[in-house]
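Peer 1: Below are the sequence and a predicted model; questions follow.
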Amino acid sequence: MNRIRYWTQKPSGQVLLATLLFCFIFLALFVGLYKSGLLYTAKEKASRATDLTALSAGAVYANGMQLVRLTNAILMGFAVVDIVVMEAELDITGGISLGMIESADPHTRKFIQEAQKILFGVTYPSGAYPFLIFNETLSLASDNQLKDSWPGIGSFSFNVPSLPSPILLFNLEGSSPETSILPNMALKFRTLNLLLPAMSKQNKGQNSYRLTKKDTGEEIIFQQHEVEPVPNAVNPGQMRVKKGLDEQFKFVSVIKEGEAEAEKEASQRIKKEATSKMKSLFGITNMLNRIEMDVMDRDDPPDHTVIVYSNFPTDIKNPNGSNAEVQSLSEVSVEGPGLAGWDLFKPPYQPRLLPKDPTQIAKLLDIQGRIQEWVTHGSLPKINDIFKVGS
Amino acid sequence: MIEMLIVIPILCMMAAGVAQFAILFQAQSSFEHACGLAARYYAAGELDPNGFAEEVWDDLGSDQKYFTPGSILAVPIPTQSIASSGWLDRLNLLGPLVSKIKQFTVNYTGQKWFVTIHYHSAPFFGLLFPGGLVLKTQLAVLKYPDPPVNGVGGP
């Protein structure tokens, strides 16, 4: 021991001690850098994987919206038959009352509406297609190496030991956290009193779009059929010039042409007067309100979003020996020109990745806590809690 | 003075190692980001799946210097999605009408890629890994519509 102490007091011993000290400092620095580097790369991977999974959910959702349009177009054919029969029946009886309208309605559109209910979950908490979106998103989560701890369809053991991952929240803005856990497409049936003004608006004409040349200031107007939604757009509703018109304008963003204020006001006034006259003349708003027609957006403004909250497993060990996981959050919005049957040949709905909003994380952590509570107590939320009935 | 001759090279080597690892992580992060960008181009319908590797290389930008040119390899494979499963494609055999109906109903498709790239070693790193390193990643995405409807979504 004395020999070592004596040696460390010599220059060579002190150099060795200093070298060991520096080596220790550099080693700590090195390990820290290595771990933080691994975590940074994992964070990048987790963020990318969640973004791509959310975009995929949006793609399946957008495909579903086109299916809604298709079924709406078929339904409109039957609805026309129903309206014509109802009108003829009421002409013969010569009076209008709710009972008469209901008895005159042949309901040929009913089987399409029933199919829409089951397929898209209209008026139901969920449907076949929303579950397809859910299932496809889980498949893509696995493909993107995200943790998928949902029990399989073939598995009957639903004793989930921990919170399932990834968590998907559908149309959170327009619903409560409890209802958004269930896959849904935020749709409802449009009643006849809402359908008639929408049809008159449809007949009003097409929108136009303006492009201002930066160098000359020259303005070029494009019609609706010459533009298309920008995929993965930064701003909602962003449109661009279609390919094949003029190479110099290909994919250049355009601005929607505003109608002249006076014209807008006049048209709104006329529409208001017409609606008011129609209501007072026929007094049938309440009756029309009960006649269900095609499928429309549940929320106004339309909200079709999917939030994906995922866990990305890493090889980095936690102090308790478990592998560290990186959490990530992405939100996709599905946007398009409309769901009505007459919108069938309009540009399709497009998924758009929304910028990350830190306030969403706080909201999500609250929802995560609630789900965790359900899981640990082994009780799923009651139907009353989900749909706020009986309270 | 003699002592310093022993200590300084060791410390320099460790400092260089730290810097080299930082560069490696920067390259890896940049590679992951470029792959994500290319996948988003594909999802927006602006990229052919076969052009994925070229797009990743382009998206690497100034970080291309870390990698061996031409070493990038993107192997496309089907996703686990129903849209990628064979039975849906077999519907096309039923005729052009069924194929057309399918296009109007199930019109999304997906792609998964295994991407590898060769990271060529920086000077000091070459002592540890003379042959460089192969960075690997895996990613998948679904896109809609496919093929383009009304001119939207086509490459």
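Peer 2: Perfect, I can see it now. Numbers count the residues shown, from 1 in each chain, chains lettered A, B, ... in the order given.
Peer 1: Quick one: neighbours of the residue nearest to residue B:77 when sequence neighbours are not counted, just the number.
Peer 2: Of all residues not flanking residue B:77 in the chain, residue B:112 sits nearest, at 5.1 Å (CB to CB, 6 or more residues apart in numbering or on different chains). No exception for glycine: its C-beta is placed from N, CA and C like everyone else's. Neighbours of residue B:112 under the rule other CB atoms under 10 Å in any protein chain shown: 22.
Peer 1: Can you classify residue B:112 as helix, strand or coil?
Peer 2: strand (DSSP: H, G, I helix; E, B strand; the rest coil).
Peer 1: Tell me where chain B has strands.
Peer 2: Along chain B, counting by DSSP state E, strands occupy B:73-77, B:109-119, B:133-143.
Peer 1: Contacts only, for the residue nearest to the spatial centre of chain B.
Peer 2: In chain B, the centroid-proximal residue (CA atoms, centre = their mean) is residue B:35; its distance is 3.4 Å. With contacts defined as CB atoms under 8 Å, 6 or more residues apart in numbering or on different chains, residue B:35 is in contact with A:48, B:56, B:113, B:115, B:137, B:139.
Peer 1: Neighbour count and distance to residue B:25 for the residues you listed - can I get that in JSON lines?
Peer 2: Shown next, in JSON lines, are the contacts of residue B:35 (neighbours: other CB atoms under 10 Å in any protein chain shown; distance: CB to CB, whole Å):
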{"residue": "A:48", "neighbour count": "24", "distance to residue B:25": "16"}
{"residue": "B:56", "neighbour count": "24", "distance to residue B:25": "18"}
{"residue": "B:113", "neighbour count": "24", "distance to residue B:25": "22"}
{"residue": "B:115", "neighbour count": "23", "distance to residue B:25": "18"}
{"residue": "B:137", "neighbour count": "22", "distance to residue B:25": "14"}
{"residue": "B:139", "neighbour count": "27", "distance to residue B:25": "19"}
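Peer 1: quick one: which of these is nearest residue A:119?
Peer 2: Of all the contacts of residue B:35, residue A:119 sits closest to residue B:139, with 30.9 Å by CB to CB.
Peer 1: any idea how far that closest one is from chain A?
Peer 2: Applying CB to the nearest CB, to the nearest Å, the value for residue B:139 to chain A is 6 Å.
Peer 1: isn't that residue right next to residue A:50, touching?
Peer 2: No. Using CB atoms under 8 Å as the test, residue B:139 is too far from residue A:50 to be in contact (11.4 Å).
Peer 1: what's the overlap in contacts for these two?
Peer 2: Shared contacts of residue B:139 and residue A:50, counting by CB under 8 Å, 6+ apart, come down to residue A:144.
Peer 1: Where does residue A:228 sit: helix, strand or coil?
Peer 2: Assignment for residue A:228 (three-state DSSP): strand.
Peer 1: is it true that it touches residue A:240?
Peer 2: Yes. Assessed by CB under 8 Å, residue A:228 is found in contact with residue A:240 at 6.3 Å.
Peer 1: Let me know the helix or strand that residue A:324 is in.
Peer 2: strand A:323-335 (DSSP states H and E).
Peer 1: near chain B, anything from that strand?
Peer 2: No. Judged by CB under 8 Å from any CB of the partner chain, strand A:323-335 makes no contact with chain B; its nearest approach is 9.4 Å.
Peer 1: Sheet partners, orientation included, of that strand?
Peer 2: strand A:305-317 (antiparallel), strand A:350-353 (antiparallel) (DSSP bridges).
Peer 1: Just name the most buried of these.
Peer 2: strand A:350-353 (a mean of 25; mean count of other CB atoms under 10 Å in any protein chain shown).
Peer 1: Residues touching that one, excluding its own?
Peer 2: A:51, A:54-55, A:57-59, A:61-62, A:229, A:231-233, A:236, A:330-336, B:40, B:43, B:144, B:152-153.
Peer 1: quick one, what contacts residue B:26?
Peer 2: So residue B:26 contacts B:63, B:66 (CB under 8 Å, 6+ apart).
Peer 1: Quick one: mean pLDDT for the strand or helix carrying residue A:373?
Peer 2: Using DSSP H and E, residue A:373 sits within helix A:358-376. Along helix A:358-376, the predicted confidence averages to a pLDDT of 70.
Peer 1: Also stretch B:108-124?
Peer 2: pLDDT averaged over stretch B:108-124 gives 86.
Peer 1: Likewise for stretch B:74-89?
Peer 2: Mean predicted confidence for stretch B:74-89 is 78.
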